[in-house]
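Participant: sharing a model that was predicted from the sequence below.
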Amino acid sequence: MTYIIQPGDTLFIIAQRFNTTVDAILAANPQISNPNLIFPGQVITIPSAPPRQLCPILRQGDRGPSVARLQTLLRIAGFNPGLIDGIFGPRTQSALIAFQQSVRELEVTGIADIETWTALGAECESTPGIIRYTVRPGDTLFIIANRFGITVNEILRINPQITNPNIIFPGQVINIPSR
């Protein structure tokens, strides 16, 4: 698939967004001689990525968008993980343990496993034709729709949990219909 670089994009951010790696993007784009030098409007190829585990096993010390997703789900469930920063530190672990203690069927381990993700309401299986997207700071549904070449109404149609299209937040995971 082709992608048009947006202001603020880096290859790392693009790789995360499309569930691939910087190395894979560079391999698919030999015209990029300096990975730190990309510019808005530049067209690149995004390679197909292997399926990503939607609900990975996470433990203290882990980092990344999956941790931010876990932190967001914990906060929504009423367990304060502290700052939603994508860093699985002591506060995130304490919130996770408190959550696990509150659900009789869960083993209290301080590790986010598939059972914990499911209890938090996470969707752990991928759906064909749908891309899972983690909202970034500064995103609006309009910006996201433009980025993926779709309309805001198409996003709203497959995200019934969004009741106000003007309110989305960083770390929120939404569905994007793929073309």
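Facilitator: Good, I have the coordinates.

Participant: ok, and what's touching stretch 26-39?
Facilitator: Defining contact as C-beta atoms under 8 Å, 6 or more residues apart in numbering, one finds that stretch 26-39 is touched by 5, 9-11, 22, 25, 44-47. All C-beta atoms are positioned from the backbone trio N, CA, C, and that covers glycine.

Participant: how long is that stretch end to end?
Facilitator: In stretch 26-39, first residue to last residue: 15 Å (C-alpha to C-alpha, to the nearest Å).

Participant: for that stretch, list every residue counted as buried.
Facilitator: Using 16 or more other C-beta atoms under 10 Å as the test for burial, stretch 26-39 gives 26, 29, 32, 38.

Participant: how distant is the least confident helix or strand in the chain by mean pLDDT from the center of its chain?
Facilitator: When the helices and strands of the chain are scored by mean pLDDT, DSSP states H and E, strand 130-134 comes last with a mean of 78. Distance of strand 130-134 from the chain centroid (C-alpha atoms, centre = their mean, to the nearest Å) equals 7 Å.

Participant: and the angle for the helix or strand just after that strand with strand 130-134?
Facilitator: Per DSSP states H and E, the first helix or strand lying C-terminal to strand 130-134 is helix 141-148. Counting by axes from the mean of the first three to the mean of the last three C-alpha atoms, to 10 degrees, helix 141-148 lies at 130 degrees to strand 130-134.

Participant: just the CA trace of helix 141-148, in PDB.
Facilitator: C-alpha atoms of helix 141-148 as PDB (Å, rounded to 0.1, in the frame of the first residue of the first chain):
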ATOM      1  CA  LEU A 141     -11.500  11.800  13.400                       C
ATOM      2  CA  PHE A 142     -11.200  14.200  10.400                       C
ATOM      3  CA  ILE A 143      -7.400  14.000  10.500                       C
ATOM      4  CA  ILE A 144      -7.500  10.200  10.900                       C
ATOM      5  CA  ALA A 145     -10.000   9.800   8.100                       C
ATOM      6  CA  ASN A 146      -7.800  11.900   5.700                       C
ATOM      7  CA  ARG A 147      -4.700   9.900   6.700                       C
ATOM      8  CA  PHE A 148      -6.500   6.700   5.700                       C
END
